[in-house]
Structure formats: structure tokens, C-alpha cells
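S.K.: coords please:
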Amino acid sequence: MRTGGTEMSTRVKSLEERVDEMDLSVVGLTSAMSDWKSEYASFKAKIDTTLAFMRWIGIFTAGVLVTAIVASFNVSHSAGRLEARVEQLQETVVKQECHLDEQNKLLREVSAQLAELRAKGAAVELA
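M.R.: Numbers count the residues shown, from 1 in each chain. Below you'll find the model as predicted:
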């Protein structure tokens, strides 16, 4: 019976050694997992920082783009209004030129009549 007890204690010792080895393996795995967690956390922090910066650049670029589009519409609208105003002023200038031509024509007629009256007046004084 002693051989059975010795054999049993040998098996128990063998199992205890295996359990100790497994404990060491688990401790090693736990340490490795802890290292991976810290590496992942630092990697995630870098990625989050990069993404936040890229998001900021995207928002800034979108703002600049929207501002540029609005400004271009504003410029084109102002140019259209300016063009309409210039056309209106051109029409006004053409009308003013027509009125000026009419006044010049009347002035020439009045001058001709005045000259004619002066000539008659001078002829009457002589007679």
C-alpha cells in the first residue's frame, strides 16, 4: 500500500509543479496583456489626437470653402447690380445727348432769328 501512497504523492507533486508552471504562465500572460493594454492606450491616444486634428482641419477647410462660395455669389450679385446701373446710366446719357441736340438745334434757330431781327432792325434804322 505504501507504493500506492508514494505513487500518489509523486503524482500530487507532479500536478503541483504543473499548476505552479501554469501559474507562472498565467502571470506572464497577465503581464503581457498589461503591456499590450498600455501600448494600445498610447496608440489610441495618438490616433485620437490625429483624428481630432484632422477633424479640426476639415471643419476649418469647410468653413473657408463656404465663405469663399458665399463671397463669390456676393461678388457676382454685386457685379450684376453694377452692370444694370451702368446700363441705366448709359440710357440716361443717350437721353441727355438727345436733349442737348434738340437744345442746340433750338439755339441755332433762335440765333438765326435773332440775327434776322437784328438785320431788319438795322435796315429799319437806316431807312
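S.K.: Find the residue at the geometric middle of this protein.
M.R.: Centrality entry for the chain: nearest residue to the mean C-alpha point is Leu65, 1.9 Å, by C-alpha atoms, centre = their mean.
S.K.: Report the separation between that residue and Gly58.
M.R.: 10 Å (C-beta to C-beta, to the nearest Å). From N, CA and C alone the C-beta is placed, and that goes for glycine too.
S.K.: and if you look at Val75?
M.R.: Distance from Val75 to Gly58, by C-beta to C-beta: 26 Å.
S.K.: Could you do Val27 as well?
M.R.: 46 Å.
S.K.: Same question for Ser78.
M.R.: 30 Å.
S.K.: Need the pLDDT of the residue nearest to the centre of the chain.
M.R.: Looking at Leu65, its pLDDT reads 97.
S.K.: host element of it?
M.R.: In the assignment (DSSP states H and E), Leu65 maps to helix 2-126.
S.K.: centre of the chain versus that helix, how much separation?
M.R.: 0 Å (C-alpha atoms, centre = their mean, to the nearest Å).
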